[in-house]
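> Build the 3D model from these lines:
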Amino acid sequence: MKDGSMKRTLLVIDDDRLFGEAVRDFIASDGIEVLLAHKAADGLTLCSLRKVDVVVLDQQLPDAVGHTLCPDILKYNDQAKIIFSTAYPSFDNAVKAIRAGAHDYLSKPYDLAELALAIKQAFRTLDLERVEQVQDYERSREKEGAVLIGGEGIADTVQLVEIAAFTGSPVLITGETGTGKNLVAKAIHYRSKSAEDPFISINCASLPENLIEAELFGYEKGAFTGAAGAKKGLIEVAEGGTLFLDEIGEMPVQLQAKLLSAIDDKSIRRIGGTSSKPVNVRIIAATSVDLEKELGRSFRKDLYYRLSVVRIHIPPLRERRGDIPLLCSHLIKTITNHPLEIPDREMAQLVKYDWPGNVRELRNVLERASLTQKGTVLEPSHLLERPAGNQADGSSPDLQGMDIKTLDEWEKEIIRAALSRLSGNLTQTAKALAISLSTLKRKIREYHIMYK
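Modelled structure (predicted):
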């Protein structure tokens with residue numbers, strides 16, 4: 001965020017000095033600050049130094065063609081609305097302008113009243129988008145509360161979130177699947193001075209190795225087959241804000257070195273590029289595995305220590321059972337507007353349950369109960385998953401009459417059950433079964449196991 005002021009700013013980039021001055025005299029009376037630039041280079045300089053809300057951009061400038069400036073303007077002020085202005089109207093020019101990111105298109109000659117209306121509509125659109133962002137932010141804060149609410153079990157985590165929010169240092173968040181690592185990352189971002197800047201998230205386990213580099217660092221036209229045009233990577237898109245790298249342990253080792261260089265040098269080079277681009281991005285990473293055990297093997301030591309400047313561990317729900325009543329009360333408010341209560345006997349069952357899926361599982365159980373049950377009293381305990389073969393009272397299962405299965409059949413069933421219980425998370429399933437990730441993947445292929 002370049003400027004904390006809420007004053008509206010209009011930038012006119014046009015080589016016609018009389019036109020620019022006329023716009024300033026006509027518009028400034030509405031309480032809008034008007035900046036003038038008569039060359040593309042001067043306009044981009046102003047965009048890099050000031051927060052600009054709306055830009056009136058001429059097609060023919062002494063040092064550039066207007067529509068080619070749109071990406072650079074939006075790079076400095078990604079929410080700016082660009083009104084493209086041209087004395088050479090054509091369908092081709094209009095298409096180029098809109099594709100480049102222009103908000104509106106005006107053909108000269110036009111009177112100042114017409115331009116003023118277009119500017120007013122651009123500001124109106126900007127205001128509506130900001131309202132939506134505030135609403136999204138409030139919804140996000142509601143969800144964050146589901147992770148950060150509680151007593152002593154979460155106190156250290158909450159304190160570290162507040163500390164991390166005031167620094168620009170990298171953060172490493174650890175915790176089991178479902179504890180809310182992504183929501184803690186958002187809590188840090190939205191409590192920081194970059195709250196109005198982008199929060200970009202990517203799950204490193206969700207993309208093939210050959211795509212994740214392109215997604216993060218972007219690429220230039222012709223960098224590889226299919227690269228028909230240049231594309232910004234997510235690091236560039238997150239400029240000024242936060243990039244959240246979930247499941248960082250799944251990032252290919254060769255890419256880890258490039259990420260470390262980007263953090264240290266504060267610059268990146270797109271695939272196929274010949275020059276580096278400066279970036280100002282805060283990195284927050286998360287993992288559900290013990291990275292210390294992977295150091296020197298599948299994870300670089302230098303990157304681990306660079307990311308661990310601030311380290312936040314989110315305890316599993318079974319280690320903070322005393323927080324469950326408070327969490328239930330908060331989650332019910334985010335799920336429905338209807339007043340609902342959970343009887344003491346039901347709450348006792350929820351507190352006793354181990355919650356392998358943590359806060360995510362708790363929310364899902366409460367939401368299912370609110371949808372399937374009538375009245376104001378929730379009885380969610382019957383929705384709790386119970387390990388296969390275990391009796392409700394904790395006694396040993398009766399093995400008499402059970403079908404005899406081969407060890408391979410038992411192994412297949414156990415792997416399928418673990419995948420189902422852990423929502424298809426391969427890393428967490430491998431950890432729960434005490435086998436390597438590569439072994440788990442081989443077993444899945446061998447047994448033709450389908451999972452979500």
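> name the element residue 72 belongs to?
helix 70-76 (DSSP states H and E).
> Quick one: the helices in the stretch 51-200 of the chain, in order.
Counting by DSSP state H, counting those that start in this stretch, residue ranges of the helices within the stretch 51-200 of the chain are 70-76, 91-100, 112-148, 152-165, 181-190.
> Let me know the average pLDDT across the second one.
Meaning helix 91-100. Per-residue pLDDT over helix 91-100 has a mean of 70.
> Flag the shaky bits of the chain, pLDDT-wise.
Using pLDDT under 70 as the threshold, the predicted model of the chain has low-confidence ranges 1-6, 29-31, 89-94, 97, 130-153, 385-405, 451-452.
> Could you break it into its assigned domains?
9-130, 149-315, 318-383, 407-447 (automatic domain parsing).
> and residue 56, what does it touch?
When contacts are counted by Cβ atoms under 8 Å, 6 or more residues apart in numbering, residue 56 is found next to 10-14, 23, 83, 85, 115, 119. (Each C-beta comes from the backbone N, C-alpha and C, glycine too.)
> So which bits of stretch 50-64 are buried?
The neighbour-count check on stretch 50-64 (16 or more other Cβ atoms under 10 Å) flags 50-59, 61, 64 as buried.
> no, scratch that, I was asking about stretch 287-299
Neighbour-count burial for stretch 287-299 flags 287-289, 291, 294, 298-299 (criterion: 16+ other Cβ under 10 Å).
> Mind checking which of the residues you listed are in helices?
When the buried residues of stretch 287-299 are checked against helices (DSSP state H), there are no matches.
> which residues are in contact with stretch 253-264?
Surrounding stretch 253-264, the residues in contact under the criterion Cβ under 8 Å, 6+ apart are 170, 209, 212-213, 216-217, 235, 245, 251, 268, 279, 283, 298-300, 302-303, 306.
> sec struct for residue 12, please.
Following DSSP: H, G, I helix; E, B strand; the rest coil, residue 12 is assigned to strand.
> Any idea what it is bridged to?
Assessed by DSSP bridges, residue 12 has beta-bridge partners residue 36, residue 56.
> Was I right to think it contacts residue 23?
Yes: counting by Cβ atoms under 8 Å, residue 12 does reach residue 23; the two are 5.3 Å apart.
> Between those two, tell me which one has more neighbours.
More neighbours surround residue 12 than the other of residue 12 and residue 23, with 27 against 21 (other Cβ atoms under 10 Å).
> any idea how far residue 309 is from the more buried one?
Distance from residue 12 to residue 309, counting by Cβ to Cβ, to the nearest Å: 44 Å.
> need the buried residues of stretch 287-299 in TSV with distance to residue 275, can you?
Putting the buried residues of stretch 287-299 into TSV (distance: Cβ to Cβ, whole Å) gives the following:
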residue	distance to residue 275
287	33
288	37
289	36
291	33
294	34
298	32
299	30
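> Quick check: closest non-adjacent residue to the spatially most central residue of the chain.
For the chain, the residue sitting closest to the mean C-alpha position, by Cα atoms, centre = their mean, is residue 201 at 2.8 Å. Using Cβ to Cβ, 6 or more residues apart in numbering and skipping residues adjacent in sequence, the residue nearest residue 201 is residue 244, 4.3 Å away.
> swap in residue 283?
Computed as Cβ to Cβ, 6+ apart, the closest residue to residue 283 that is not its neighbour in sequence is residue 170, at 4.7 Å.
> right, and the one you found touches residue 282 too?
Yes: with contact defined as Cβ under 8 Å, residue 170 counts as touching residue 282 (7.4 Å).
> if you count what's nearby, which of the two comes out ahead?
With neighbours defined as other Cβ under 10 Å, residue 170 and residue 282 compare such that residue 282 has more, 23 against 20.
> OK, contacts around the closest residue to the more buried one other than its chain neighbours?
Beyond its immediate neighbours in the sequence, the residue positioned closest to residue 282 (Cβ to Cβ, 6+ apart) is residue 242, lying 4.7 Å away. Contact criterion Cβ under 8 Å, 6+ apart gives 185, 188-189, 192, 194, 197-200, 281-284 as the residues in contact with residue 242.
> Closest one to residue 105 out of those, please.
Distance ranking of the contacts of residue 242 against residue 105, using Cβ to Cβ, places residue 198 first at 26.5 Å.
> Excluding chain neighbours, give the residue nearest to the closest one in space.
residue 241 (3.9 Å).
> Tell me how far that neighbour lies from residue 450.
Counting by Cβ to Cβ, the gap between residue 241 and residue 450 amounts to 38 Å.
> do residue 162 as well
According to Cβ to Cβ, residue 162 stands 43 Å off from residue 450.
> now swap in residue 119 and tell me
Between residue 119 and residue 450 the distance is 56 Å, computed by Cβ to Cβ.
> Which one's more surrounded, those two?
Comparing residue 119 with residue 450 by other Cβ under 10 Å, the one with more neighbours is residue 119, at 26 against 9.
> Tell me which residues touch the closest residue to the more buried one other than its chain neighbours, please.
In space, and not counting its chain neighbours, residue 119 is closest to residue 54: 5.8 Å by Cβ to Cβ, 6+ apart. Applying Cβ under 8 Å, 6+ apart, we find residue 54 in contact with 8-11, 80-83, 119, 122-123, 126.
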